[in-house]
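J.: take this sequence and fold it.
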Amino acid sequence: MDQINLDRFYERLNYYPLSLIGIALIGLLGYSLLSAAQRKNEAVRLSLGIVVLVASYEFFAGFLASQKIVNNWVYNLFNSHVSAILFFLLLRSFLKRKNHKKWVSLLIVFFLLISLILHSSGFVHYNDSGEYILFLNSVLMLGCCGLYFFELMTLDEFLEIDPLKEFSFWATTATLFYFSSSFMIYISYEYLYTHHLDICNMVIEIPRNMSILSNFLLCFGIYSVLISDRFQIEIIHV
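T.: Next up, the predicted model:
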């Protein structure tokens with residue numbers, strides 16, 4: 001095994017992993033300041049889990065790439081599966097109707113089952129570009145976002161509140177924009193990387209910036225709970 005070259009790793013560090021790490025650390029700090037009861041809030045726990053997970057696997061994947069080690073498996077496991085499931089669970093926590101919550105749970109099982117079949121059959125491999133799994137979880141995720149906005153427009157309890165002051169609205173909107181803007185890029189990533197590297201380097205910034213924005217909003221949700229408790233100012237309701 002070649003010796004670890006930290007210089008190459010430091011050279012690869014840029015605004016993207018550093019921003020995600022910074023948001024994760026800030027999120028952990030905010031969560032540590034919450035009361036025991038507030039930490040049990042499902043949306044808060046899932047939000048923290050997402051920001052910490054994303055920062056961790058991006059940092060690790062960047063380290064592997066700097067050492068010239070294939071890192072596709074990191075994204076296929078943590079981005080396409082673990083992170084996606086956490087987003088599914090977060091969206092499910094926002095839904096009010098029990099049957100809609102059950103639908104999301106069924107979609108998670110369906111997604112994992114299809115992924116297992118595709119991997120077991122050899123149609124996809126854990127170390128490939130993962131575009132088929134990314135396309136599948138993106139489509140299902142957009143469907144879950146649609147369920148939330150359907151409830152937002154039809155349920156009486158939503159009609160009586162200002163959605164702009166609801167954390168669920170902003171988190172779902174960020175999730176919607178992230179997955180809708182990035183899944184077309186991810187499914188064409190291998191082709192762009194092979195044949196149009198200049199275009200690839202340009203468009204890959206879109207999902208990166210959307211990821212930072214999404215993580216920032218999730219982290220902001222954690223601090224909204226803290227601000228509401230400490231200063232009696234409710235910026236958004238979590």
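J.: for the top helix by length along the chain, packing partners?
T.: Longest helix in the chain, counting residues (DSSP state H): helix 205-231. Applying 3 or more CB pairs under 8 Å, 6 or more residues apart in numbering; DSSP states H and E, we find helix 205-231 packed against helix 15-32, helix 36-39, helix 42-66, helix 167-187. All C-beta spots, glycine's among them, are computed from the backbone N, C-alpha and C.
J.: closest one to residue 135 among those helices?
T.: Of all the helices and strands packed on helix 205-231, helix 167-187 sits nearest to residue 135, with 5.0 Å by CB to CB.
J.: go through that closest one and flag the buried ones.
T.: Buried residues in helix 167-187, counted by 16 or more other CB atoms under 10 Å: 167-176, 178-179, 182-183, 185-187.
J.: now do stretch 83-96
T.: So, applying 16+ other CB under 10 Å, buried residues of stretch 83-96: 83, 84, 86, 87, 88, 89, 90, 91, 92, 93, 94, 95.
J.: need the three-state assignment for the second one.
T.: If I follow you right, that is residue 84. Under DSSP: H, G, I helix; E, B strand; the rest coil, residue 84 falls in the helix class.
J.: ok, it - contacts?
T.: The contact partners of residue 84, taken as CB atoms under 8 Å, 6 or more residues apart in numbering, are 111, 137, 141.
J.: what's in contact with the lowest-mean-pLDDT helix or strand in the chain?
T.: None of the helices or strands of the chain scores lower by mean pLDDT, DSSP states H and E than helix 189-195, at a mean of 75. Residues from elsewhere that reach helix 189-195 (CB under 8 Å, 6+ apart): 129, 131, 185, 199, 200, 203, 204.
J.: average pLDDT across the helix or strand following that helix?
T.: Going down the chain from helix 189-195, the next helix or strand is helix 197-203, by DSSP states H and E. For helix 197-203, the mean per-residue pLDDT is 79.
J.: that older thread, out of the buried residues of stretch 83-96, flag the one nearest to residue 117.
T.: Within those, the smallest distance to residue 117 is 16.6 Å, found for residue 84 (CB to CB).
J.: contacting residues around residue 175?
T.: 87, 90, 91, 141, 145, 214.
J.: with residue 80 instead?
T.: By CB under 8 Å, 6+ apart, residue 80 lies in contact with 115, 130, 133, 134, 137.
J.: report the separation between the spatially closest residue to it that is not a sequence neighbour and residue 197.
T.: Sequence neighbours aside, residue 133 is the residue nearest to residue 80 in space, at 4.6 Å (criterion: CB to CB, 6 or more residues apart in numbering). Taking CB to CB, to the nearest Å as the measure, residue 133 and residue 197 are separated by 23 Å.
J.: now residue 10
T.: In terms of CB to CB, residue 10 sits 23 Å off from residue 197.
J.: now residue 9
T.: Using CB to CB, residue 9 is found at 22 Å from residue 197.
J.: for these two, indicate the residue with more neighbours.
T.: For residue 9 versus residue 197, the count of surrounding residues by other CB atoms under 10 Å is larger for residue 9: 16 against 10.
J.: low-confidence stretches in the protein?
T.: 1-2, 129, 186-187, 229, 231-235, 237-238 (pLDDT under 70).
J.: residues of stretch 147-157 that come out buried?
T.: The neighbour-count check on stretch 147-157 (16+ other CB under 10 Å) flags 147, 148, 151, 152 as buried.
J.: just name the closest of those to residue 32, please.
T.: Out of the buried residues of stretch 147-157, the member with the shortest distance to residue 32 (by CB to CB) is residue 148, at 29.0 Å.
J.: excluding its backbone neighbours, what's nearest the closest one?
T.: Sequence neighbours aside, residue 172 is the residue nearest to residue 148 in space, at 4.7 Å (criterion: CB to CB, 6+ apart).
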